[in-house]
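S.K.: Everything below, folded, please.
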Amino acid sequence: MHANRAVGMRDHSCVRPLSFHVRSVLERTVIRTSTVRDLLATGAGLGIGALAVIVWATRSIQPGIDLAVYLRAGEAALSGEDLYSPEFGAGLPTPLPFTYPPIAAIAAAPLSSAPFWLVFSAWTIVSVGALAWLVQISFGSFLDLRRHHWFLLGLWAGLVTPVADSLALGQVSGILVPLVFFAALGVIARGRSGPTVGVFTAIKLTPGLFILWFALLGRWRAVVVNLSLVALLTGLGLALLPSSTWVYFSSEIWGVQRVGNPASYMNQSLNGALTRLGAPQVMWMFVAAVVAILGLTAATVLARKYCVIGAISLVGLTSLLVSPISWQHHAIWALPATAVCIGSASRWARSIGFAAAFLLLLRLPLLGTSIEIGLLSTLAQSAYVAIYLALCAGILLSASKVGRQEMSTQTA
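M.R.: As a prediction, this is how the structure comes out:
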C-alpha cells in the first residue's frame, strides 16, 4: 500500500500533467469533496474559532477597526472629503489613515450608512464562508477527510494568526484571497479571464502580481481583461474623486510610512525583516526583485507541469514577501500552501507543512518583542517571514518529489 494511502491522502496529491490535474481539482474537489455538509462543518469550526478570537480581541482592541476605516472612507467618498487628510480618522474609535486607492472608498460607500454591528456581522459571515471554501478546496485536493475532521480543520483555520486577526479586524483579506484564488484557478484550468483579480488589484494593488503571472503563463485574455478592469476602475475613481485620486497616485502610493512602521513586528515581509536587521533599503529592493523573479518562474513551471494549487499559493506567498508592507493578517495564502505541503509525497514537505500549521497558531512575532536578547528578538519578530519561505520550499519539494516518481514510472 502506498504510504500516502495510509494517512488518507489522494494519489493525485500534487502532480499530474496540467490537463489531468485541473480536471481533478475542479470536478473531484469542487463537486464531490466540497459537499454542503462538509462545507458547513468546516465553516462551523472556523466560525467558532473566529468567534473565540473576536471575544478575546475585545480585551485590547475594538473588533472591526479596519472595517470601520473602510466605512469611514465610504462616508468621505459620498461627501467629497479628502481621503488622505491627517484628520481623516479623527472620528474613529481607533484613529487610522485610509491607505487604499479611492475606488476602494467608492466601493465601501453603499455600506457606510448601515449600522456598524450589522455590517461587521455580515462581513464576518461572508469571510468565514469564503475561508471555509478555501480550506475545502485546498485540503480536499490532498486529503480524504471525514466530517468531524473538517470541523477540526476549520477550527484550526479560525485560530491561526493570519485568519484570526483578519476576522477580528474586519479585514478584506478574508474575502480577497479566496476570490483571487478562485479566479486564478479558473484562469489556469479553464482559460477564463478571472476578472476578480483585476477588481481587487484596483482596490488593493498587491493582487496585480497575479496579472504578471498570467502573462508569463501566456493567458493573454486574462491579462487584457484584468488590466482593462484596473484601468476602468481607476478611471472611475478619477472621475468621481479626482483630487483624492491624484493625491494617491502622485504621493500616497509611495508613502510606506503612512501605512505603518515597516520595522513593526506586524510587518511580515522581506522589507520588514531586513529593516529590523538594519539593512539599507536598496538591499530590500534587490532581494525582493530576486524573490519575485524566482517565485513567479517557479509558479509558472508548477502551473504548466505540476501542482495547480501549489502554483497559486506560491504566487500568493511571493506577493507577501516582496510587498513593502505585509501585515501578518494578510497571510491567508499560508492556508493553501500548508495544505500542499501536508498532502505532499515528500517527507520534508510534510514536516514543513505540519510545523507551519503549528507555528502559525503562535504569535511568535509578538512574543519576539518581549525577548531581551537583541538578535534573538529580531529573528523571532520575523518568524512568519521564515515560515513563508519554508512553505515555498515545501511546495517546490512536493512538486520535485512527485516529478521524480512519475519519471521513474515512465522509465520503468
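
S.K.: quick one: stretch 390-403 to chain centroid distance?
M.R.: Centroid separation between stretch 390-403 and its chain, computed with Cα atoms, centre = their mean, to the nearest Å, is 19 Å.

S.K.: when you give positions from now on, start the count at 452
M.R.: With the count now opening at 452, the last piece we talked about shows up as stretch 841-854.

S.K.: could I have that stretch exported to CSV, CA atoms only?
M.R.: Provided in CSV are the C-alpha atoms of stretch 841-854 (Å, rounded to 0.1, in the frame of the first residue of the first chain):
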residue,chain,number,x,y,z
ALA,A,841,9.8,27.4,4.2
LEU,A,842,6.3,26.9,2.7
CYS,A,843,7.6,28.0,-0.7
ALA,A,844,10.4,25.4,-0.3
GLY,A,845,7.9,22.8,0.8
ILE,A,846,5.7,23.4,-2.3
LEU,A,847,8.8,23.0,-4.6
LEU,A,848,9.8,19.8,-2.7
SER,A,849,6.3,18.5,-3.3
ALA,A,850,6.5,19.0,-7.0
SER,A,851,10.0,17.7,-7.4
LYS,A,852,9.2,14.6,-5.4
VAL,A,853,6.2,13.5,-7.5
GLY,A,854,8.0,14.6,-10.6
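
S.K.: tell me the average confidence for that stretch?
M.R.: Mean pLDDT, stretch 841-854: 84.

S.K.: Can you report how many residues lie near the nearest residue to residue 810 once chain neighbours are set aside?
M.R.: For residue 810, ignoring the flanking residues on the chain, the nearest one in space by Cβ to Cβ, 6 or more residues apart in numbering is residue 838 at 5.9 Å. The C-beta positions use only the backbone N, C-alpha and C, and glycine is treated the same way. Here the count is done by other Cβ atoms under 10 Å, and residue 838 has 22 residues near it.

S.K.: what kind of secondary structure is residue 838 in?
M.R.: Following DSSP: H, G, I helix; E, B strand; the rest coil, we place residue 838 in the helix state.

S.K.: hey, where'd the helices end up in the stretch 652-801 of the chain?
M.R.: 659-667, 671-691, 693-701, 707-710, 721-727, 732-756, 759-773, 785-793, 798-810 (DSSP state H, counting those that start in this stretch).

S.K.: Worst mean pLDDT among those helices?
M.R.: Least confident of those, judged by mean pLDDT, is helix 707-710 with a mean of 78.

S.K.: Give me the contacts around that helix.
M.R.: For helix 707-710, contacts defined as Cβ atoms under 8 Å, 6 or more residues apart in numbering pick out 548, 550, 703, 713, 722, 775, 776.

S.K.: Would you mind measuring from the third one to residue 549?
M.R.: What it means is residue 703. Residue 703 is 9 Å from residue 549, where distance means Cβ to Cβ, to the nearest Å.

S.K.: more neighbours, those two?
M.R.: Neighbour count, other Cβ under 10 Å: between residue 703 and residue 549, residue 549 has more, with 26 against 20.

S.K.: My guess is the more buried one contacts residue 533. True?
M.R.: No - here residue 549 does not reach residue 533: they are 9.9 Å apart, not a contact under Cβ atoms under 8 Å.

S.K.: which neighbours do the two share?
M.R.: Common neighbours of residue 549 and residue 533 (criterion: Cβ under 8 Å, 6+ apart): 527, 539.

S.K.: Report the set of residues contacting both of residue 703 and residue 549.
M.R.: Here residue 703 and residue 549 have residue 535 as joint contacts, going by Cβ under 8 Å, 6+ apart.

S.K.: distance of residue 755 from residue 678?
M.R.: 22 Å.

S.K.: Now for residue 651: which residues touch it?
M.R.: Neighbours of residue 651 in contact, by Cβ under 8 Å, 6+ apart: 627, 630, 631, 658.

S.K.: 10 Å instead, please
M.R.: Shown in contact with residue 651 (Cβ atoms under 10 Å, 6 or more residues apart in numbering): 555, 623, 626-628, 630-631, 634, 657-659, 661, 677, 680-681.

S.K.: Which strand or helix spans it?
M.R.: For residue 651, the host element (DSSP states H and E) is helix 646-655.
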